[in-house]
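[1] Dropping a prediction and its sequence here:
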Amino acid sequence: MELNDALERFLLRMGDNTLILGHRVSEWCGHAPVLEEDIALANTALDMIGQTQLWLGLACEVQDKGKSADDLAFLRDAWDFRNLLLCELPNGDFGRTMMRQFLFDAWQSVYLPRLSKSSNERVAAIAEKANKEATYHVERSGETVVGLGDGTEESHKRMQQALDYLWPYVGEIFDTDQADDVLAEAGVAVHPSTLKDEYFELINRVLVDATLTVPEDTFAHHGGRTGARHTEHLGHLLTQMQWLQRVYPGASW
Amino acid sequence: MGNVATSQVWEWLDQVPDPEIPVISLVDLGIIRDVGWQEETLVVTVTPTYSGCPATSIINMDIEAALRGHGIEKLELKRQLSPAWTTDWLSEKGAQKLEVYGIAPPQAAGGPSRCPHCGDNDLEKISQFGSTPCKAHWRCKSCLEPFDYFKCI
């Protein structure tokens, strides 16, 4: 596999993760339990959409087919997306949203500092920028998971349910393919498998603080980062996210 | 006419207010990273505060409008991501103006040092996020007023 093809795949994965999760989180806008959380969720979504513009923008340059980040976001269909399944899962209640955010932020906070040392300067620059935001996000989502997990009987129960529901989607983070090998070899992106120890150490620490029980089952769903098998939820998300461009092609702000 | 001195351009840019927090200038905010001439073209290098900050495109428009107003004809705006923007680049003058405006300036300790309204230091964090990506929401337990805190990154 050529380095350029591997790089394009990597950039789509990074950009699609933040795009799809960013859109999911933005669905809370105007619906969160309290105003402060509403604003916080909207801000988190905004950071992720901003990161998307950087990742997908670079993906377009690497593709060199005259497309824009907006084209990639709004004119692809479900099977073209390369985000982790975790990112496309429905919000559920506030607790599940925050648990999903924590599981994602924790990975970003482990991955991005390494990417900021990438041999590809553009990748390094985006990762350095995104890492500052991710560091702030994981602080908040981690604290919220602890607050709700070690909260009332009801909030504890819901956070445990959230963790149990989301757990089978964590394993995909560490899936690898040939593109990952090529990028690791070239020093562009560390191999996802090398992040495992640090990631689980981080989330275990927080989940123990949150008085939650980490499921023992290691079964993992796959198919998001390869595009082979997304969940049924992605298509529904796209009908909302892409509606305007589908109905009014080329409409601009 | 030759090229205007870059120090003059910096002065002009110091007159351009931040669109979200108009008491400080773009130079105060520390997002203007470089001003220089490439032959006849003035190149202004700008770094975003937060990657998704909606003010970024407005800022570029404001820079362009201001410099064109001063007679700059050939202008190029460059986006620079690295080194990533940090609140350490906020000017001392900018920090003081923020506080007078009612926004607690960023502190290395990670939280505001005193209430921008009454000066008391009995404070509590309401939310890690506030009205714009660059701010968090705090409250003074002495005067009971809520206030924005400029996040330290």
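    In hand now; what should we look at? Numbering: from 1, shown residues only, chains lettered A, B, ... in the order given.

[2] which parts of chain B sit against chain A?
    B:48, B:50-54, B:81-84, B:86, B:126-131, B:133, B:137, B:151, B:153 (C-beta under 8 Å from any C-beta of the partner chain). Any C-beta I mention is one placed from the backbone N, CA and C, and that applies to glycine too.

[3] Make a ChimeraX selection of the buried ones in those.
    Entered in ChimeraX, the line below selects the buried ones among the residues of chain B next to chain A, by 16 or more other C-beta atoms under 10 Å in any protein chain shown:
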select /B:48,50,51,52,53,81,84,126,127,128,129,130,133,137,151,153
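
[4] Now, the residues of chain B next to chain A that are in helices?
    Among the residues of chain B next to chain A, no member falls in helices (DSSP state H).

[5] In strands, which of the residues of chain B next to chain A fall?
    B:Ile126, B:Ser127, B:His137 (DSSP state E).

[6] of all the residues you listed, which comes closest to chain A?
    Distance to chain A across those (C-beta to the nearest C-beta) is lowest for B:Ser127, with 3.8 Å.

[7] Let me see the contact set for that closest one.
    Counting by C-beta atoms under 8 Å, 6 or more residues apart in numbering or on different chains, B:Ser127 touches A:Glu36, A:Glu37, A:Ile39, A:Ala40, B:Ala136, B:His137.

[8] switch the cut-off to 10 Å
    Contact analysis of B:Ser127 by C-beta atoms under 10 Å, 6 or more residues apart in numbering or on different chains lists A:34-40, A:43, A:140, B:135-139, B:146.

[9] A:Val54 contacts A:Thr18, correct?
    In this structure residue A:54 is Leu, not Val. Yes - assessed by C-beta atoms under 10 Å, A:Leu54 is found in contact with A:Thr18 at 9.0 Å.

[10] Establish whether the strand or helix carrying A:Glu36 and chain B are in contact.
    In the assignment (DSSP states H and E), A:Glu36 maps to helix A:35-63. Yes - Helix A:35-63 lies within reach of chain B by C-beta under 10 Å from any C-beta of the partner chain, at A:35-55.

[11] could you dump stretch A:176-193 to PDB, C-alpha only?
    Extracted C-alpha coordinates of stretch A:176-193, given in PDB (Å, rounded to 0.1, in the frame of the first residue of the first chain):
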ATOM      1  CA  THR A 176      -5.400  -2.200  12.700                       C
ATOM      2  CA  ASP A 177      -5.000  -2.800   9.000                       C
ATOM      3  CA  GLN A 178      -2.300  -2.400   6.400                       C
ATOM      4  CA  ALA A 179      -2.700   1.400   6.400                       C
ATOM      5  CA  ASP A 180      -1.700   1.500  10.100                       C
ATOM      6  CA  ASP A 181       1.400  -0.600   9.400                       C
ATOM      7  CA  VAL A 182       2.500   1.700   6.600                       C
ATOM      8  CA  LEU A 183       1.900   4.800   8.600                       C
ATOM      9  CA  ALA A 184       3.700   3.500  11.700                       C
ATOM     10  CA  GLU A 185       6.600   2.400   9.500                       C
ATOM     11  CA  ALA A 186       6.900   5.900   8.000                       C
ATOM     12  CA  GLY A 187       6.600   7.600  11.500                       C
ATOM     13  CA  VAL A 188       3.400   9.400  10.400                       C
ATOM     14  CA  ALA A 189       1.100   7.800  13.000                       C
ATOM     15  CA  VAL A 190       1.800   5.400  15.800                       C
ATOM     16  CA  HIS A 191       0.200   2.000  15.600                       C
ATOM     17  CA  PRO A 192      -3.100   2.100  17.400                       C
ATOM     18  CA  SER A 193      -2.200  -1.200  19.200                       C
END
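
[12] Give me the mean pLDDT for that stretch.
    For stretch A:176-193, the mean pLDDT works out to 96.

[13] hang on, the earlier thing: who's more crowded, A:Leu54 and A:Thr18?
    Just comparing A:Leu54 and A:Thr18: by other C-beta atoms under 10 Å in any protein chain shown the higher neighbour count belongs to A:Thr18, 29 against 26.

[14] Which helix or strand contains the more buried one?
    Counting by DSSP H and E, A:Thr18 is found in helix A:3-26.

[15] That helix to helix A:35-63, inter-axis angle?
    160 degrees (axes from the mean of the first three to the mean of the last three C-alpha atoms, to 10 degrees).

[16] does chain B sit close to helix A:3-26?
    Yes - interface with chain B: helix A:3-26 contributes A:Thr18, A:Gly22 (C-beta under 10 Å from any C-beta).

[17] Nearest residue to the closest residue to chain A within chain B in space, please, no chain neighbours.
    Closest to chain A within chain B is B:Gly52: 2.4 Å, counting by C-beta to the nearest C-beta. Among residues not flanking B:Gly52 along the chain, A:Gly50 sits closest, at 2.4 Å (C-beta to C-beta, 6 or more residues apart in numbering or on different chains).
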